[in-house]
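*Asks:* Sequence first, then the predicted structure:
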Amino acid sequence: MSSPLPSCFRPSTTTTSNLTVYHTETGPVSITWSRSMVGRSLHVEVHHDDSFDSLSFHLHITPFLFWKKHGSKKLAPNTHLFWNLSKAKFSSSPEPLSAFYVALVVHNRITLLLGDSPKEAHSNSKAHRPNTPQLLLLQKEHVFADTLYSTRAAFAGKARLIQIDWDHSRLSFIFDGETVFQIKRLKWKFRGNHRVLVDGVHVQISWDIYNWLFHNHNHNHNNNAHAIFIFKFQHHDDQDSNWNLGASEWAKMGKSCSSSSTGSFSSVLEWSSVEENQLLVPVGFSLLVYAWKR
């Protein structure tokens, strides 16, 4: 039996990637940072609200070959991408930690700005600030561990450490060292969702650990022994915000991303249940974690 996930969602043994999706005043933008044995890469996918077409840009970041550490690229007549990674500091994760910027300019406004060098980005692009700020919709990560899986997300004004602790008898969700929810009898509760309140923010936690519990019974390897977790952070006023994506817009972006050469993003609408689809249509920030056994 093959894995129910599309191949683009299963990292190879030598490549890891993290995806973020932002809402901007001109439409959603997906950013994928990847790391492999030969280097890193950046992939940008720009989606316009009024079109099914998308614009893409791919940059190889390798220590062995020449690559353009800073520069700009015209993606369309009114769309330009600016970047500077010449002094970027990296760790084990695919994306840089500091000393970099990536800026998307549409109609002479910076609609998306990543990194910690905003002054340099504005100076080099000579672009204005956007009319509406960018908003993070989705963050997708692959994490690897034995029993304790860790990731981070920013909400309620600060960055948080989120940990998933599991053994065959229980599954615990820990925010900044405090257990907010625990599940027992996992063989009867291997899929589900639950809402918790963390510092005034409603967090809906969804989990699917079927592969962890049952997959290896019929396989001699654990390459596909992954679990899926969704953390959906929703403030009380998110329902009234004007930046939420509807299902059609989310599906449109997923279809476009899944056809990109990197395969960095595939529409979950192709394989998820109706309930999961509703979770992934952003009404706030969602963190999607693929947890893999070492």
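*Replies:* On my side now, so go ahead.

*Asks:* where in the stretch 151-294 of the chain is pLDDT low?
*Replies:* Residue ranges of the stretch 151-294 of the chain with pLDDT under 70: 216-224, 235-283.

*Asks:* Could you pull out the strands in it for me?
*Replies:* Assigned by DSSP state E, counting those that start in this stretch, the stretch 151-294 of the chain shows strands spanning 158-166, 170-175, 178-184, 191-198, 201-208, 226-234, 285-293.

*Asks:* how about the ones you listed in CSV, adding mean neighbour count and distance to Val44?
*Replies:* Bear in mind the C-beta positions are built from the backbone N, C-alpha and C, glycine included. What follows is those, written out as CSV (neighbours: other C-beta atoms under 10 Å; distance: least, C-beta to C-beta, whole Å):
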stretch, mean neighbour count, distance to Val44
strand 158-166, 16, 24
strand 170-175, 18, 31
strand 178-184, 13, 35
strand 191-198, 14, 31
strand 201-208, 20, 28
strand 226-234, 22, 24
strand 285-293, 21, 19
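
*Asks:* Could you provide these in a markdown table, with additional columns for distance to Leu104?
*Replies:* What follows is these, written out as a markdown table (distance: least, C-beta to C-beta, whole Å):
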| stretch | distance to Leu104 |
| --- | --- |
| strand 158-166 | 24 |
| strand 170-175 | 32 |
| strand 178-184 | 36 |
| strand 191-198 | 31 |
| strand 201-208 | 28 |
| strand 226-234 | 24 |
| strand 285-293 | 19 |
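
*Asks:* Ser17 is nearest to which of those?
*Replies:* The minimum distance between Ser17 and those falls on strand 285-293, with 10.4 Å, by C-beta to C-beta.

*Asks:* Just checking: what are the partner strands of the closest one?
*Replies:* Strand 285-293 has the following strand partners under DSSP bridges: strand 135-145 (parallel), strand 226-234 (antiparallel).

*Asks:* Which stretch among the strands of the stretch 151-294 of the chain approaches Leu42 most closely?
*Replies:* strand 285-293 (19.7 Å).

*Asks:* which other residues reach the closest one?
*Replies:* With contacts defined as C-beta atoms under 8 Å, 6 or more residues apart in numbering, strand 285-293 is touched by 9, 11, 135-146, 149, 151, 153, 155, 162, 164, 212, 222, 225-233, 279-280.

*Asks:* Output the strands paired with strand 285-293 in TSV; the columns should cover distance to Glu178.
*Replies:* As requested, the strands paired with strand 285-293 are exported to TSV (distance: least, C-beta to C-beta, whole Å):
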stretch	distance to Glu178
strand 135-145	20
strand 226-234	15
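
*Asks:* hmm, back to that, of all the strands of the stretch 151-294 of the chain, which one comes closest to Thr79?
*Replies:* Between the strands of the stretch 151-294 of the chain, strand 285-293 lies closest to Thr79; by C-beta to C-beta that is 25.1 Å.

*Asks:* buried residues in the host helix or strand of Tyr22?
*Replies:* Assigned by DSSP states H and E, Tyr22 falls within strand 16-24. Buried residues in strand 16-24, counted by 16 or more other C-beta atoms under 10 Å: Thr16, Ser17, Asn18, Leu19, Thr20, Val21, Tyr22, His23, Thr24.

*Asks:* For those residues, could you give me a markdown table that also reports distance to Asn131?
*Replies:* As requested, the buried residues of strand 16-24 are arranged in a markdown table below (distance: C-beta to C-beta, whole Å):
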| residue | distance to Asn131 |
| --- | --- |
| Thr16 | 36 |
| Ser17 | 31 |
| Asn18 | 28 |
| Leu19 | 26 |
| Thr20 | 22 |
| Val21 | 20 |
| Tyr22 | 15 |
| His23 | 13 |
| Thr24 | 10 |
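
*Asks:* surely Lys68 meets Leu59?
*Replies:* Yes - between Lys68 and Leu59 there is a contact at 7.2 Å, judged by C-beta atoms under 8 Å.

*Asks:* Among the two, which residue is more densely surrounded?
*Replies:* Using other C-beta atoms under 10 Å as the criterion, Lys68 and Leu59 rank with Leu59 on top: 18 against 13.

*Asks:* Who are the contact partners of the closest residue to the more buried one other than its chain neighbours?
*Replies:* Using C-beta to C-beta, 6 or more residues apart in numbering and skipping the chain neighbours, the partner closest in space to Leu59 is Leu42 (4.5 Å). Shown in contact with Leu42 (C-beta under 8 Å, 6+ apart): Ile31, Thr32, Trp33, Ser34, Phe57, His58, Leu59, Ile61, Trp83, Leu85, Val102.

*Asks:* For the strand or helix carrying Leu42, which strands pair with it and how are they oriented?
*Replies:* Per DSSP H and E, Leu42 falls inside strand 39-47. Partners of strand 39-47 in the sheet, by DSSP bridges, are strand 27-36 (antiparallel), strand 54-61 (antiparallel).
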